[in-house]
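> sequence first, predicted coordinates after that:
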Amino acid sequence: MAKAREINIRRMERADLEDVLAIERTSFGDPWPVMAFLGEFENQVSFQYVAVSGTNRIAGYCIYWIVLDEGHILNIAVAQDERGQGIGRKLMNFCLDHMFSMGVHYVLLEVRLNNAVAQGLYKSLGFRELNIRHGYYADGSDAVIMLKEMR
């Protein structure tokens, strides 16, 4: 993995949605619609962050919920031409650090069963496989439920 260049992480803004949606559409076969992103801005348990390059380009994003002592990663993606540079790891570490500071004891996420790259990242961050959710995605694909205990 190449070392990530200067990347800053900040709260996502509505003005970022065009760039975020472009990343979403190229990253997922069943992308979230714009209304799903807009709904997250109104959700009191939702946190949305973007990774911004030194040239002010949105390189990735992450959306997660914190409910009581549980965190749930809902959506994370990195622009195709930015992958392999440590941006996903930086986003995940930022989100996990924030969750820990908010009293989260465990974090859950779902990842496609065939997405070995993402699963490898999550395992390297301390996540373990918990179960399989059959037919979880719109195309009928299965998801691996992964858990990280924060204590």
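Now that the structure is in, tell me what you want to look at. Residues are numbered from 1 along each chain as shown.

> now do Met92 against Glu6, distance only.
Between Met92 and Glu6 the distance is 18 Å, computed by Cβ to Cβ, to the nearest Å. No exception for glycine: its C-beta is placed from N, CA and C like everyone else's.

> check the secondary structure at Glu129 for me.
The local conformation at Glu129, judged by DSSP: H, G, I helix; E, B strand; the rest coil, is strand.

> please say which of Met92 and Glu6 ends up with more neighbours.
Just comparing Met92 and Glu6: by other Cβ atoms under 10 Å the higher neighbour count belongs to Met92, 23 against 8.

> how about residues contacting the helix or strand where the more buried one lies?
Assignment of secondary structure by DSSP states H and E places Met92 within helix 87-101. Contact with helix 87-101 is made by 4, 7, 9, 47, 49, 51, 59-62, 64, 66, 71, 73, 76, 78, 107, 118, 121-122, 124-125, 148, 150, as judged by Cβ atoms under 8 Å, 6 or more residues apart in numbering.

> equivalent analysis for stretch 109-117, please.
72-73, 118-119, 122, 127, 132-133, 136-137, 141-146.

> among the residues you listed, which are located in strands?
Secondary structure defined by DSSP state E assigns 72-73, 132-133, 143-146 of the contacts of stretch 109-117 to strands.

> hmm, which of these are the buried ones?
With burial judged by 16 or more other Cβ atoms under 10 Å, the buried subset of the ones in strands among the contacts of stretch 109-117 is 72-73, 143-144, 146.

> pLDDT below threshold where in this protein?
Applying pLDDT under 70 to the chain flags residues 1-5.

> just so I have it, where are all the helices in it?
Counting by DSSP state H, the chain has helices at residues 17-27, 34-42, 87-101, 116-124.

> mean neighbour count, those helices: which tops it?
Mean neighbour counts were compared across the helices of the chain using mean count of other Cβ atoms under 10 Å; the top stretch is helix 87-101, at a mean of 18.

> next one: it to chain centre, how far?
Between the centre of helix 87-101 and the centre of its chain there are 9 Å (Cα atoms, centre = their mean, to the nearest Å).
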